[in-house]
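Novice: what's the 3D shape of this:
(one chain, ligands or ions: 2)
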Amino acid sequence: MWALYLAPAALRPSAVTFVTLACSSTLDIIGVVASAIVARGLRRIFPPDLAAVDGIDLDIEEGRIFGFLGANGSGKTTTIRMLTTLLRPTEGSATVDGYDVVKDAAKVRARVGVALQEASLDLVMTGRETLLLQARLYRVPRGEVRQRVGDLLRIVDLEEAADRRVGTYSGGMQRRLDLAAALVHRPRIVFLDEPTSGLDPISRNTIWRYVEDLNRNDGVTFFLTTQYLEEADRLAHEVAIMERGRIVAQGAPAELKASIGADVVTVRLEDRNAQPDRALAAVKAIGGLTDVRVVGDSVVVYTKDGSSAIAPIVLALNEATVAVEEVTLARPTLDDVFLRKTGHHIEAQDREPEGVEGAAS
Ligand SMILES: Nc1ncnc2c1ncn2[C@@H]1O[C@H](COP(=O)(O)OP(=O)(O)O)[C@@H](O)[C@H]1O
Ligand SMILES: [Mg+2]
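Specialist: Numbering: from 1, shown residues only. Ligands and ions are numbered 1, 2, ... in the order given. Sure, this is the predicted structure:
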């Protein structure tokens, strides 16, 4: 893999500057790849003994979009809070842009942008005032503030609402304002905690498109958590799947999908089948399948050639007198990877209905 490290990297302690193309695999050997985020054995225990994050390792290169996936309670927010200095690790270490999140917390804070899951906005201020204040807090040069705030308001589609109080904004508008606030000081590394959860598809697309643009055009590194696996699949260069505080899979989405076999056959059983175990045993007995498991009312089969597996599966179930409702054949998605690694589908429990923006609460 080839990587180009340009001048701004020279300002950071961990980064090594190359003015020509450098082969990163050679650099790996001599240990000088520029990492945006590194974690080693990062752990956080909440009293008395809940390991919310249970020893994770991360190596995220500059300029990547990293998707951090996991069900509710798997430790995503706790990880973000440690990486952005809002919460002290119980054990292990992490650096962001080369700075230690405990020893150099102020330097880390100055370099990152963060939009947490719960936007902490002042409801009596207007959108514009919110961004102006944020710009002042982060010491954005005076001459640049108006322009930058104006640009951001336009990008997150809040120009018309800019001079209204935040309390009158819908949930989606508040999320977009919070995102803009995280970007006002042009951070090189941005943490977004479920930036699109509960948003209508249009707001979600606006946010994702902007993330993509900033990444591609300005090389901004993104660390984002999501429960929407299809979005992570589309945008993230690399993803990690969290399950109860641990990373159970990590890699490029295409790699992860390829790792679970070529096809997924899902056999939905009729309600009256009281024993999915019988169905499972019958399908397993066929042999030659990569993996077979029961998920809810379905038997899910991973196999190299799904179309030629369907007939034997249906026959085997028929012989075992298991009634079949529906059989579908699909290419694996990140959801299948998730299922394979965790044993369950990701549940976006705190999703709001799509199609309408949540009204301001
Ligand atoms: N401040 C806290 N005190 C005690 N437990 C917490 C605290 N914050 C989070 N937890 C627990 O840690 C686990 C991980 O939570 P969190 O990091 O918020 O997960 P996620 O963001 O993936 O939904 C959950 O079991 C949650 O209840
Ligand atoms: Mg969370």
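
Novice: so what touches stretch 243-255?
Specialist: Identification of contacts with stretch 243-255 by Cβ atoms under 8 Å, 6 or more residues apart in numbering yields 51-57, 67, 70-71, 74-75, 232-233, 236-242, 256, 259, 334, 337, 341-342. All C-beta atoms are positioned from the backbone trio N, CA, C, and that covers glycine.

Novice: for the one residue in the stretch 201-350 of the chain that gets nearest to ligand 2, what are its contacts?
Specialist: Going by Cβ to the ion, ligand 2 is nearest to Thr225 of the stretch 201-350 of the chain, at 6.4 Å. Neighbour list for Thr225: 67-70, 76-77, 80, 117, 192-194 [criterion: Cβ under 8 Å, 6+ apart].

Novice: which among these are in contact with ligand 2?
Specialist: 76-77, 117 (Cβ under 5 Å from the ion).

Novice: buried ones only from the contacts of stretch 243-255, please, as a ChimeraX command.
Specialist: Applying 16 or more other Cβ atoms under 10 Å to the contacts of stretch 243-255, the buried members can be selected in ChimeraX as follows:
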select :51,52,53,54,55,56,67,70,71,74,75,232,233,236,238,239,240,241,242,256,334,337,341,342
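
Novice: inside strands: which ones of the contacts of stretch 243-255?
Specialist: 51-57, 67, 70, 238-242 (DSSP state E).

Novice: which bits of the stretch 51-200 of the chain sit near ligand 1?
Specialist: For the stretch 51-200 of the chain, the residues in contact with ligand 1 (Cβ under 6 Å from any ligand atom) are 52, 70, 72-78.

Novice: one more time with 8 Å, if that's ok
Specialist: Contacts of the stretch 51-200 of the chain with ligand 1, taken as Cβ under 8 Å from any ligand atom, map to 52-53, 70-81, 87, 117, 193-194.

Novice: counting neighbours, what do you get for the closest residue to ligand 2 within the stretch 51-200 of the chain?
Specialist: Residue nearest to ligand 2 within the stretch 51-200 of the chain: Thr77 (3.2 Å; Cβ to the ion). As a burial measure, Thr77 scores 22 neighbours (other Cβ atoms under 10 Å).

Novice: list phi and psi for it.
Specialist: phi -70, psi -40 (degrees, to the nearest 10).

Novice: take stretch 315-326, keep the C-alpha atoms, and write them as PDB.
Specialist: This file holds the C-alpha atoms of stretch 315-326, laid out as PDB (Å, rounded to 0.1, in the frame of the first residue of the first chain):
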ATOM      1  CA  LEU A 315     -35.100 -31.500   0.500                       C
ATOM      2  CA  ALA A 316     -33.400 -32.100   3.900                       C
ATOM      3  CA  LEU A 317     -35.900 -29.900   5.700                       C
ATOM      4  CA  ASN A 318     -38.700 -31.600   3.900                       C
ATOM      5  CA  GLU A 319     -37.500 -35.000   5.000                       C
ATOM      6  CA  ALA A 320     -37.200 -33.800   8.500                       C
ATOM      7  CA  THR A 321     -40.800 -32.600   8.200                       C
ATOM      8  CA  VAL A 322     -39.900 -29.000   8.800                       C
ATOM      9  CA  ALA A 323     -42.200 -26.600   7.000                       C
ATOM     10  CA  VAL A 324     -40.500 -23.800   5.100                       C
ATOM     11  CA  GLU A 325     -42.000 -20.300   4.700                       C
ATOM     12  CA  GLU A 326     -39.500 -18.700   2.400                       C
END
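
Novice: assign the residue of the stretch 201-350 of the chain closest to ligand 2 to helix, strand or coil.
Specialist: Per DSSP: H, G, I helix; E, B strand; the rest coil, the secondary structure class of Thr225 is strand.

Novice: dig out what it forms beta bridges with.
Specialist: On the basis of DSSP bridges, Thr225 is bridged to Phe68, Asp193.

Novice: so how far is Ser35 from it?
Specialist: Distance from Thr225 to Ser35, counting by Cβ to Cβ, to the nearest Å: 19 Å.

Novice: just Phe222 next, same as before
Specialist: The value you get for Phe222 to Ser35, if Cβ to Cβ is used, is 15 Å.

Novice: Ser298 now?
Specialist: 41 Å.

Novice: again with Asp213
Specialist: 23 Å.

Novice: again with Arg293
Specialist: 36 Å.

Novice: neighbour count: these two, which is higher?
Specialist: More crowded of Arg293 and Ser35, by other Cβ under 10 Å: Ser35, with 19 against 16.

Novice: would you mind measuring from the more buried one to ligand 1?
Specialist: Distance of Ser35 to ligand 1, given as Cβ to the nearest ligand atom, to the nearest Å: 23 Å.

Novice: please look at that residue and Glu61 and confirm they touch.
Specialist: Yes. Proximity of Ser35 to Glu61 meets the contact threshold set by Cβ atoms under 8 Å, at 5.9 Å.

Novice: and for the nearest residue to Arg176 once chain neighbours are set aside, the neighbour number?
Specialist: Leaving aside its chain neighbours, Arg176 sits nearest to Val156 (4.0 Å; criterion: Cβ to Cβ, 6 or more residues apart in numbering). Residues lying near Val156 (other Cβ under 10 Å) number 23.

Novice: where does Val156 fall, phi/psi-wise?
Specialist: Backbone torsions of Val156, given as degrees, to the nearest 10, read phi -90, psi 10.
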